[in-house]
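> Just the structure for this:
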Amino acid sequence: MKIQSSGASPDKDNNHSGRDTHYSTSGRRSQGKTTMTRRQFLARGAATVIGAGLLTSGYAWQGEPNWIEVTKLKLSFKDLPSAFSGMKIAHFSDTHLGFNKDARDLARLAERIIKAEPDLICFTGDIVDSNPEDLVESVPILAALNASLGKYAILGNHDYKNTKRITELLNSAGFLVLRNEAYLLKRGGAVMAVTGLDDLLHGEPDPVKALSGVPAGTFTVLMMHEPDYADTAQAHSFHLQLSGHSHGGQIRMPLVGAPFTPYGSQKYINGLYYTDAKSMPVYVNRGFGETVMPFRFLCRPELTVLTLHHSSDG
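Alright, predicted model coming up:
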């Protein structure tokens, strides 16, 4: 257990109801046979046709991937200590440095994070696409980010080729990498916790271990790369889950949504959700970078700024 001390309505429609079953382009695949529905067949066919047009138009390659969107949300919790009410969390994810993004791109995102003046910065995995050394040039950019309650990161499935090296680089940028760990944050005599779990596809997430040492009743933010893990996490004493991994689908079709999402983000894909059993809020950031294809369509790279409030109504 470590200690850090310091001196819900989205602003747009984030309700996506698609529940298609897809396979992962990396990591584990879903078990058993999958029957493609008529809707899936049409969606994927449309994606192929429109995708071909995107390749020739250049918009999805040179346009939208460079058009950062800042999503601002306000969420209220009865268990959030009053001393933390109004705190801002800057949440970013999936930079995939080395594929279609580099340090110059990350510098543009960093400018927006700095402008948001967050109290807490959370990065939810896939800092690089493959090679850990692709992070080296960006270390000074990440080091320049400041937040009174600290900067925290978890590893995504793409970060597991050399977790030691990536952890060292993130640490050198001032980020604390949490792997089944928690940090206690203190403000005005009150305490809350930020936790991080191992990646679902290549690690061993252990929420019990992560919560060991966190006092009962403590308001706790969970960082977990794969958003669908929320249905498991809700059985534990987490109040809010922040995730990435899905890229929002990266390519989205009008009326259809994302025809493809990776394993681990087939239920929770883009934006704000609440789990069925516990109504735990889950925010899925669309990510900053790209993977597999250097394209985005109707799915801009995202920085999320969440403002948390204490509410007696919950």
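> Pass me the low-pLDDT residue ranges in the stretch 1-150 of the chain, would you?
Along the stretch 1-150 of the chain, segments meeting pLDDT under 70 span 1-65, 67.
> for it, what spans make up the strands?
Remark: strands assigned in the stretch 1-150 of the chain by DSSP state E, counting those that start in this stretch are 2-5, 9-10, 69-77, 87-92, 120-123.
> May I see those organised as TSV, with mean neighbour count and distance to residue 170 added?
In short, each C-beta sits where N, CA and C put it, glycine included. Output for those, formatted as TSV (neighbours: other C-beta atoms under 10 Å; distance: least, C-beta to C-beta, whole Å):
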stretch	mean neighbour count	distance to residue 170
strand 2-5	13	15
strand 9-10	12	29
strand 69-77	17	23
strand 87-92	24	13
strand 120-123	26	8
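> Contact partners for residue 301?
Counting by C-beta atoms under 8 Å, 6 or more residues apart in numbering, residue 301 touches 65, 66, 67, 68, 69, 109, 286, 287, 288, 289.
> Repeat the analysis, applying 10 Å as the threshold.
Counting by C-beta atoms under 10 Å, 6 or more residues apart in numbering, residue 301 touches 64-69, 92-95, 101, 105, 108-109, 247-248, 250, 285-290.
> In PyMOL, how would I select the buried members of those residues?
Of the contacts of residue 301, the buried ones go into a single PyMOL selection, burial set by 16 or more other C-beta atoms under 10 Å:
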select buried, resi 64+65+68+92+93+94+95+101+105+109+247+248+250+285+286+287+288+289+290
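> how far away is residue 128 from residue 153?
Remark: distance between residue 128 and residue 153 (C-beta to C-beta, to the nearest Å) = 12 Å.
> any residues in contact with both of these two?
159, 166.
> Would you mind writing the CA trace of the helix or strand encompassing residue 168 as PDB?
Taking DSSP states H and E as the criterion, residue 168 maps to helix 163-172. Output of helix 163-172 as PDB, limited to C-alpha atoms (Å, rounded to 0.1, in the frame of the first residue of the first chain):
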ATOM      1  CA  THR A 163       6.800  -4.900 -19.100                       C
ATOM      2  CA  LYS A 164      10.000  -4.100 -17.100                       C
ATOM      3  CA  ARG A 165      11.300  -1.600 -19.600                       C
ATOM      4  CA  ILE A 166       8.000   0.100 -20.100                       C
ATOM      5  CA  THR A 167       7.500   0.300 -16.300                       C
ATOM      6  CA  GLU A 168      10.900   1.900 -16.000                       C
ATOM      7  CA  LEU A 169      10.200   4.500 -18.700                       C
ATOM      8  CA  LEU A 170       6.800   5.400 -17.200                       C
ATOM      9  CA  ASN A 171       8.300   5.700 -13.800                       C
ATOM     10  CA  SER A 172      11.000   8.000 -15.200                       C
END
